[in-house]
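# just a sequence and a predicted model for now, questions to come.
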Amino acid sequence: MADMVFKYSTMNGGKTLNILQTAHSYNENNFKTILIKSITDTKGNDSITSRTGLSKKVDILLEENESLLTEKNYKIYYTAKIILVDEVELLNKEQIKELWMIAHLINIPVLCYGLKSNFKGEIFSEGISEAFAIADIIEEIGSSSICHCGKKATFNARKEKNEFTDVGPTIIIDDGTKEEYEYVPLCSDCYLKYVKIKSPEAQKLAKLVEKIK
């Protein structure tokens, strides 16, 4: 049977470009490719769109609690050579389970692309927790996402009105309409310096360092 693969990176790490390139490669060989994303992802509306300008319309725009195991959706993907899912962090736990079952019971490879953590430095969602738990293969995409200090980015920080924050709703889609918000990939050191330095843990450690100088 086929596998479900979970591929992750930080923001600007090449996930969308990777998924579009994979779809193009399969289509060039006349293989049926199914693209899926959550309706919560309003960027590009019913298409998957990269920052480079590449875009492709999805085959299934999944509602928040919509099942993939309906006759309507099954008729779309059952003859596919591969299923590609973008922004999988926006899917719920049950939808992730369904993708895994499709891979193993229908023998269609499923490649899921998403973010590991949110701007608070926590696992992004129950969907991502489930993906880590049951995916047959977990891969970090060879990321081109670099922190402004030059190190590899491992965190997805959020700015609100040009100030770093770890407070607020988990999901605010960067679709170009919310100009007061900006997502910034940071390395661990810079994430601690700019986002978490005022946390109780950081303050406690700072007091210990000062005390034992």
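Structure received. Residues are numbered from 1 along each chain as shown.
# where does this protein have low pLDDT?
By pLDDT under 70, the low-scoring segments of the chain are 143-144, 174-178, 202, 207, 211, 213.
# quick one, what contacts Trp100?
By CB atoms under 8 Å, 6 or more residues apart in numbering, the residues touching Trp100 are 4, 110, 134-136. For the C-beta atoms, the positions are set from N, CA and C on the backbone; glycine is no exception.
# one more pass at 7 Å, please.
For Trp100, the contacting residues are 4, 134, by CB atoms under 7 Å, 6 or more residues apart in numbering.
# on the three-state scheme, it is what?
helix (DSSP: H, G, I helix; E, B strand; the rest coil).
# mind listing the helices for the chain?
Applying DSSP state H to the chain gives helices spanning 15-28, 71-77, 93-105, 126-134, 188-191, 200-211.
# mind listing what's buried along the second one?
What that stands for is helix 71-77. Neighbour counts over helix 71-77 (16 or more other CB atoms under 10 Å) mark 73, 76-77 as buried.
# cool, the third one as well?
Along helix 93-105, the positions that meet the burial threshold by neighbour count (16+ other CB under 10 Å) are 93-100, 102-103.
# count the residues that sit near the closest residue to Ser55 other than its chain neighbours.
Excluding its sequence neighbours, the residue lying closest to Ser55 (CB to CB, 6 or more residues apart in numbering) is Thr49, at 4.4 Å. Each residue near Thr49 was counted by other CB atoms under 10 Å, and the total is 17.
# what of the one 5 residues further on?
Neighbour count for Leu54, taken as other CB under 10 Å: 16.
# one step back: need the buried residues of helix 93-105 in a markdown table with distance to Thr42, can you?
Output for those, formatted as a markdown table (distance: CB to CB, whole Å):
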| residue | distance to Thr42 |
| --- | --- |
| Lys93 | 22 |
| Glu94 | 22 |
| Gln95 | 18 |
| Ile96 | 21 |
| Lys97 | 25 |
| Glu98 | 23 |
| Leu99 | 22 |
| Trp100 | 26 |
| Ile102 | 25 |
| Ala103 | 27 |
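# residue nearest the middle of this structure, spatially speaking?
Gly114 (1.9 Å; CA atoms, centre = their mean).
# for that residue, what are its contacts?
When contacts are counted by CB under 7 Å, 6+ apart, Gly114 touches 8, 87-89, 128.
# just checking, which of those residues belong to strands?
Mapping the contacts of Gly114 onto strands (DSSP state E) picks out Tyr8.
# which one (most neighbours) among the contacts of Gly114?
With neighbours taken as other CB under 10 Å, the top of those is Val88, carrying 29 neighbours.
# now that that residue has come up, it's in contact with Ser129, right?
No - applying CB atoms under 7 Å, one finds Val88 not in contact with Ser129, separated by 11.6 Å.
# burial measure for Lys198, as a count.
9.
# ok, back up a step: partner residues bridging the residue nearest to the centre of the chain?
Tyr8 (DSSP bridges).
# can you check Ile48 too?
Bridge pairing for Ile48 - DSSP bridges - gives Lys56.
# from Leu54, how far off is it?
Note on Ile48: its distance to Leu54, by CB to CB, to the nearest Å, is 9 Å.
# mind putting the helices of the chain into a markdown table with distance to Ile36?
As requested, these are exported to a markdown table (distance: least, CB to CB, whole Å):
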| stretch | distance to Ile36 |
| --- | --- |
| helix 15-28 | 10 |
| helix 71-77 | 8 |
| helix 93-105 | 8 |
| helix 126-134 | 13 |
| helix 188-191 | 30 |
| helix 200-211 | 38 |
